[in-house]
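Undergrad: got a predicted structure plus its sequence, pasted below:
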Amino acid sequence: MRTDTDTDPRKLAVIFDLDGVLVDSFEVMREAFTIAYAEVVGGGEAPFEEYNRHLGRYFPDIMRIMGLPLEMQEPFVRESRRLAHRVTVFAGVRELLRVLRARGLRLTVATGKSGSRARSLLNQLGLLSQFDFVTGSDEIARPKPAPDIVLDALDRLGVHPDEAMMVGDAVTDIASAQGAGVMAVAALWADNDEEALLAARPDAVLSRPSDLLVLCPPIPAPARR
């Protein structure tokens, strides 16, 4: 683990991205995107590698950036839901969440997915109860890389930016965290563009989920009067 934040205030909350941080959905996304592209665009190879460079953004925003039809969203979501049983939780994540909760930290999810899809997936995987709330990109004014989804989490949690961190695997996550003034933490255990992620200058870089525990010591219980 690498970090430049040894003097930061104690953290009270962790805001997680979903795909590529908590769950491994890469192959499901690839298949759903390929099917959606074939249905709406037609023949030719689906440009998934380009799509992959924009992960972390809301799907309609990616379509606009790539110049693809917004009509791809319906089959992409349909296939993502159909294939959701193939999504897995990264090794070490379940234990990480249990320990963080036991240490008294507040946990939330801020994802490029729609809120309903994210909550459904987390519930299916038995993780939803670990989070105070889950926010999707369709539930805020401006999705990542804008800071809105992180600012919304801070407001709902009632914590100062210095007391929170955002853990993500994409440049959009780092930008959203930096824009909101929270500690930006890069997760490197997924199949991501490590060079681009490091070039975004995150405050800390984690090689595995358990590395996060170093940044999140237990929160002392309030003194009794």
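TA: Yes, it's here.
Undergrad: where's the residue nearest to residue 104 when sequence neighbours are not counted relative to residue 108, distance?
TA: What sits nearest to residue 104 in space, not counting adjacent residues and going by C-beta to C-beta, 6 or more residues apart in numbering, is residue 219, at 3.7 Å. Where you see a C-beta, it was placed from the backbone N, CA and C, and this is true even at glycine. According to C-beta to C-beta, to the nearest Å, residue 219 and residue 108 sit 16 Å apart.
Undergrad: so between these two, which is more surrounded?
TA: Higher neighbour count among residue 219 and residue 108: residue 108, with 22 against 14, using other C-beta atoms under 10 Å.
Undergrad: which strands border the host helix or strand of the more buried one, and is each parallel or antiparallel?
TA: Per DSSP states H and E, residue 108 falls inside strand 106-110. Neighbouring strands of strand 106-110 in its sheet, by DSSP bridges, are strand 13-16 (parallel), strand 133-135 (parallel).
Undergrad: so which of the ones you listed gets nearest residue 43?
TA: Residue 43 lies closest, by C-beta to C-beta, to one member of these: strand 133-135, at 37.5 Å.
Undergrad: pLDDT on that closest one, on average?
TA: Mean per-residue pLDDT for strand 133-135: 98.
Undergrad: mind giving me the packing neighbours of the helix or strand that that strand is followed by?
TA: Downstream of strand 133-135, the next assigned helix or strand under DSSP H and E is helix 148-157. Packing partners of helix 148-157 (3 or more C-beta pairs under 8 Å, 6 or more residues apart in numbering; DSSP states H and E): strand 13-16, strand 106-110, strand 133-135, strand 164-168, helix 171-180.
Undergrad: winner for burial among the ones you listed?
TA: Mean neighbour count, computed with mean count of other C-beta atoms under 10 Å, is highest for strand 164-168 among the helices and strands packed on helix 148-157, reaching a mean of 28.
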